[in-house]
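*Asks:* Based on what follows, work out the 3D shape:
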Amino acid sequence: MSSAIYLRLLQEAIDHLEMDDVGIYEILWLARGSEFNLDDVTAKELTRTVVNQLLSDGTARLIILKWPTHEITVQEPQNVDLNLDSIFEPNSDNEYLGLTADDIHDIKSNTPGRDDGASARRIDPTQSSLDLP
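*Replies:* The predicted model follows:
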């Protein structure tokens, strides 16, 4: 898998966080729906890498949301193992793992090119704290 695929999914996740909380499963859907034709194992691995990056650099934090209301039910979930496939599915109470950006202004910068004068944080591949897949 190339760094271009990783960077594209990371940017898409950031763009979604700009608008609202995002479920981990939604990031997986983005990976599966890309033109990169990723198999399921690779799409899940890529999603985990992106989620770990967003958490480690402070862009986002984990939350638990309720389907279908999208209401946050747990602000700081404990003992979450991101290596389990259950992170991609709702539990028996229709709750699912998601990401939130507490202060959306933290992931915006004054980058030229957007009509509103604001732009989502753009990815600099040299600043990644994770080894790219």
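*Asks:* Please enumerate the helices of this protein.
*Replies:* Assigned by DSSP state H, the chain shows helices spanning 3-19, 24-33, 40-56.
*Asks:* shaky segments in this structure?
*Replies:* Regions of the chain meeting the criterion pLDDT under 70 cover residues 1, 103-133.
*Asks:* repeat that with 90
*Replies:* Of all residues in the chain, those with pLDDT under 90 make up the ranges 1-2, 33-37, 102-133.
*Asks:* thinking again about what came up before, show me the one of the helices of the chain that comes nearest A101.
*Replies:* Ranking the helices of the chain by proximity to A101 (Cβ to Cβ) places helix 3-19 first, at 4.6 Å. All C-beta spots, glycine's among them, are computed from the backbone N, C-alpha and C.
*Asks:* What angle do helix 40-56 and that closest one make with each other?
*Replies:* 60 degrees (axes from the mean of the first three to the mean of the last three Cα atoms, to 10 degrees).
*Asks:* among the helices of the chain, which is nearest S92?
*Replies:* S92 lies closest to helix 24-33 among the helices of the chain, at 15.7 Å (Cβ to Cβ).
*Asks:* what helices or strands is the closest one leaning on?
*Replies:* In terms of contact count using 3 or more Cβ pairs under 8 Å, 6 or more residues apart in numbering; DSSP states H and E, helix 24-33 is assigned the packing partners helix 3-19, helix 40-56, strand 95-100.
*Asks:* Which positions within it qualify as buried?
*Replies:* Taking 16 or more other Cβ atoms under 10 Å as the basis for neighbour counts, the residues of helix 24-33 that come out buried are 24-28, 30-32.
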